[in-house]
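>>> Fold the stuff below for me.
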Amino acid sequence: MRIENGIAFVENPLLCAAIWGDTNCIYNGKPKFTGYLNANADRIGRAFIEYCIARVMKIFRLPMCGYDSYSEGACMYNELDEEMVTDACDELSAIIKHVQESLSQLKIVHDGKVEVVRCLSKFQYDKVAKQLEDQSIDEIVYPVSIISSYSYDGDINQNYPSGRVDSYKNHINIKENISVKDIIFWDKFVGNGCKECNYVQALYNGEMELWVVDKSVTGMRRLPRSCFYFNGQIADGFQSKINSSIKNEKDNDKASYSGANKKEIDKALYSGAHKKRPCEYDDCLTRYCMKRNLRKIKDGEAKTMKLLY
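Modelled structure (predicted):
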């Protein structure tokens, strides 16, 4: 790991692939598997990151309550170099330390905590929705992975970073104060030290993403009911709100519904079939556009940093 201008650049190839890897990239070397930030269908990169975190932070989850529940890529893991795996864990430990030290300088940190938001994933949505329907339940219990993506932009009406909605486009968000000690990744403090890809950088830029670690042995999290929001509104009277939302969605015509679905496909973290990317064209106009867009990305990052400090 090297640090430049406050950014910790990941240099271990395994860790780079686990975070930013893309099996569609024609320039990626080995190892070649899907990175967590690319949000592809498999969870190979995510499982490796969670393994490293569990090893570094001494998180001992019960069987099938953590990264060991992911079956994809088992054969690939068997082929990994043990020394490189150890190096990845060591580098991740250094990155976590850098992130937490950097966070201490931000003005959005109060009493060692940061207010963050998250849209629940599908496997969480179903369990939380059933509990919100019961007005007598004050504490909501739901499953979490070892790492969960949050956003620090404060918007409780967005379906990111997890980007999951139900069949009627409803989403449940949470807003809570997270201890800096549980934050292991912050997008502005971590960079890809391997071959940089402007395309991948643009994918996750703008979500103001951070990762939060859960240290429980069971993978179950408890939060007060007041932390939950349904479609941007506090989740009181949850059942009447969801019934109204379903009715409104059914009243929409088919064309608008299809258009909304297309917008979902175009979201930042969407990864579908491989399409020819800017870096695969070799003409002056494309190279100019890539440089121009990269400047826009950096200008946006500069504005974000002014808000944080």
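>>> how close does Asn177 sit to Lys113?
When distance is defined by CB to CB, to the nearest Å, Asn177 is 4 Å away from Lys113. Where C-beta positions appear, they are placed from N, C-alpha and C, glycine not excepted.
>>> ok, the two, which is more surrounded?
Taking neighbours as other CB atoms under 10 Å, Asn177 and Lys113 compare with Lys113 leading, 16 against 12.
>>> Tell me which residues touch that one, please.
Going by CB atoms under 8 Å, 6 or more residues apart in numbering, Lys113 touches 177-180.
>>> switch to 6 Å and redo it
Contacts for Lys113 (CB atoms under 6 Å, 6 or more residues apart in numbering) come out as 177, 179.
>>> buried stuff in the strand or helix carrying Glu176?
Here Glu176 sits within strand 172-179, counting by DSSP states H and E. Buried residues in strand 172-179, defined by neighbour count with 16 or more other CB atoms under 10 Å: 172-176, 178.
>>> need the residues you listed in CSV with pLDDT and distance to Thr218, can you?
Putting the buried residues of strand 172-179 into CSV (pLDDT from 0 to 100; distance: CB to CB, whole Å) gives the following:
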residue, pLDDT, distance to Thr218
Ile172, 89, 21
Asn173, 91, 23
Ile174, 93, 19
Lys175, 93, 24
Glu176, 94, 19
Ile178, 96, 19
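>>> Now render those residues as TSV, adding distance to Cys52.
What follows is the buried residues of strand 172-179, written out as TSV (distance: CB to CB, whole Å):
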residue	distance to Cys52
Ile172	29
Asn173	28
Ile174	25
Lys175	28
Glu176	25
Ile178	20
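>>> Lys97: which of the residues you listed is nearest?
Of all those, Ile178 has the smallest distance to Lys97: 17.4 Å, by CB to CB.
>>> Hmm, Asp214 and that closest one touching each other?
No. Ile178 is not in contact with Asp214 according to CB atoms under 6 Å; the separation is 10.6 Å.
>>> what's around Ile108, how many residues?
Neighbours around Ile108, by other CB under 10 Å: 14.
>>> what does the strand holding Glu176 rub up against?
So strand 172-179 is in contact with 112-120, 125, 128, 156, 212, 227-230, going by CB under 6 Å, 6+ apart.
>>> of those residues, buried ones?
Buried by 16+ other CB under 10 Å: 113-114, 116-120, 125, 128, 156, 212, 227-230, out of the contacts of strand 172-179.
>>> where along the chain do the helices fall?
All helices of the chain, identified by DSSP state H, fall at 13-20, 44-57, 74-78, 82-103, 122-133, 198-204, 238-251, 254-265, 284-308.
>>> mean pLDDT for those helices: which is lowest?
Mean pLDDT values for those show the minimum at helix 254-265, a mean of 39.
>>> Strands - which of the contacts of strand 172-179 land there?
113-119, 212, 228-230 (DSSP state E).
>>> And the pLDDT for Asp282?
With respect to pLDDT, Asp282 scores 58.
>>> Count the residues that sit near Thr86.
Counted with other CB under 10 Å, the neighbours of Thr86 add up to 13.
>>> From Tyr36, how far off is it?
Remark: distance between Thr86 and Tyr36 (CB to CB) = 20 Å.
>>> Check Leu15 too.
For Leu15, the distance to Tyr36 equals 11 Å [CB to CB].
>>> do the same with Asn170
Remark: distance between Asn170 and Tyr36 (CB to CB) = 25 Å.
>>> Settle it for me: which of those two has more neighbours?
Tyr36 (23 against 17).
>>> Quick check: which ranges of the stretch 101-250 of the chain have low pLDDT?
Within the stretch 101-250 of the chain, the set of residues satisfying pLDDT under 70 comprises 157-168, 195-207, 236-250.
>>> Can you report how many residues lie near the closest residue to Val190 other than its chain neighbours?
Leaving aside its sequence neighbours, Val190 sits nearest to Ala8 (CB to CB, 6 or more residues apart in numbering; 5.5 Å). Close neighbours of Ala8, defined as other CB under 10 Å, add up to 23.
>>> Look up which residues are beta-bridged to Ala8.
Ile3, Val190 (DSSP bridges).
>>> Can you read off the pLDDT for it?
Listed pLDDT for Ala8 reads 92.
>>> Check whether it really touches Ile95, as I assumed.
Yes. Counting by CB under 6 Å, Ala8 does reach Ile95; the two are 5.1 Å apart.
>>> okay, and the common contacts of those two?
With CB under 6 Å, 6+ apart, Ala8 and Ile95 have no common neighbours.
>>> mind checking how far Leu92 is from Cys227?
Look at Leu92 and Cys227: by CB to CB, they are 28 Å apart.
>>> Val10 too?
Remark: distance between Val10 and Cys227 (CB to CB) = 32 Å.
>>> before we move on, what about Arg46?
Here the criterion is CB to CB. By it, Arg46 lies 24 Å from Cys227.
>>> what about Phe185, how many neighbours?
Neighbourhood size, Phe185 [other CB under 10 Å]: 24.
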